[in-house]
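Chemist: Pasting a predicted model and its sequence here:
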Amino acid sequence: MNPASGMETTQQKTPHEILGVIFDMDGVLTDTIEFHYQSWEKLTLEMGIPFNREVNDTLRGLSRRDSLMQILGDRYLPEAKIAEMLERKNRYYLDFIAEMTPAHLLPGVDDLLNELRSAGMKTAIASASQNVRAVIPRLGIADRIDVVTNVYKVKRSKPAPDVFLHAAEQLGLSPNQCLVVEDAEAGVEAALAAGMWALGLGPVERVGAAHIVLPSLQGVKWEDILGKLHTAV
Ligand code: BG6
Ligand code: MG
């Protein structure tokens, strides 16, 4: 709270203050959503559990365990079985990661990272994935990222704000100085709960709560993002 006005300080922030960009990884920097889909599909087929692309889309931003719980719904399985399934799904997923190269960067990401460097912006990746440190080196972007973190470094996963607050702290920035780029409803919710700026990538039905929404980062310039944020507030 701002004691002078009694208003939440998050309501008074302006895009002028942005000094850092915190990226989600899966579905923002790289299209691993398809790899997650194929890994879950293989596992659920083996287990005779219904699964499809629509269900997969609801898993964006959720941790591996939260994803499995969502897939299982009210089916009960003992913890040992759940642990085995999580491990098996990840084994399938790691086979996909092993084949990844910088060609798996989504369009626009490379140029935007270069621009952010030139503009003196700090950059971080704050992911729900335990595999973040295996994926980033394969994408060839590590030299333009200051901080890499994931939800295993904090108490609560997205949609809680913890991982974004942790990333901001590591960058030495306050929440209102950070813009989060997210493709997941849970991620946008987490960014807003952290008191940060949010750029949602994808359909408004999914990321419409963000300050601004774009279909993707393809052809998007840093000044376009700042301009849209200014008109959004
Ligand atoms: C998120 C993805 O970034 O990471 C989810 O959006 C995924 O789909 C989650 O389930 C966990 O990833 P991992 O690599 O820890 O299984
Ligand atoms: Mg994502």
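Modeler: That came in fine, so what should we check first? Ligands and ions are numbered 1, 2, ... in the order given.

Chemist: measure the closest residue to residue 77 other than its chain neighbours to residue 96 for me?
Modeler: Spatial nearest neighbour of residue 77, excluding adjacent residues (Cβ to Cβ, 6 or more residues apart in numbering): residue 85 at 7.6 Å. In this view, the C-beta of every residue, glycine as well, is placed from N, C-alpha and C. As defined by Cβ to Cβ, to the nearest Å, residue 85 lies at a distance of 17 Å from residue 96.

Chemist: and this structure, which residues reach ligand 1?
Modeler: Within the chain, the positions lying close to ligand 1 (Cβ under 6 Å from any ligand atom) are 25-27, 36, 59-64, 67, 90, 93, 127-131, 184.

Chemist: where along this protein do the strands fall?
Modeler: For the chain, the strands defined by DSSP state E cover 20-23, 122-127, 147-150, 178-182, 197-201, 212-214.

Chemist: centre of the chain versus the shortest one, how much separation?
Modeler: What separates the centre of strand 212-214 from the centre of its chain is 15 Å, taken as Cα atoms, centre = their mean, to the nearest Å.

Chemist: can you check stretch 67-87 too?
Modeler: Offset of stretch 67-87 from its chain centre (Cα atoms, centre = their mean): 23 Å.

Chemist: now swap in stretch 26-33 and tell me
Modeler: Offset of stretch 26-33 from its chain centre (Cα atoms, centre = their mean): 8 Å.

Chemist: who's in contact with that stretch?
Modeler: With contact meaning Cβ atoms under 8 Å, 6 or more residues apart in numbering, stretch 26-33 is reached by 23, 25, 36, 56, 60, 96-97, 100, 104-106, 109, 125, 127-129, 135, 139, 141, 181-184, 201-202, 217.

Chemist: So between residue 85 and residue 96, which is more surrounded?
Modeler: residue 85 (21 against 15; other Cβ atoms under 10 Å).

Chemist: The top helix by length along the chain - contacts with which helices or strands?
Modeler: If you go by DSSP state H, the chain has its longest helix at helix 79-97. With contacts taken as 3 or more Cβ pairs under 8 Å, 6 or more residues apart in numbering; DSSP states H and E, helix 79-97 sits against helix 33-47, helix 64-72, helix 132-139.

Chemist: mind listing what's buried in that helix?
Modeler: Neighbour counts over helix 79-97 (16 or more other Cβ atoms under 10 Å) mark 85-86, 89-90, 92-93, 97 as buried.

Chemist: One more: stretch 225-233?
Modeler: Residues of stretch 225-233 classed as buried: 225, 228-229 (neighbour count, 16+ other Cβ under 10 Å).
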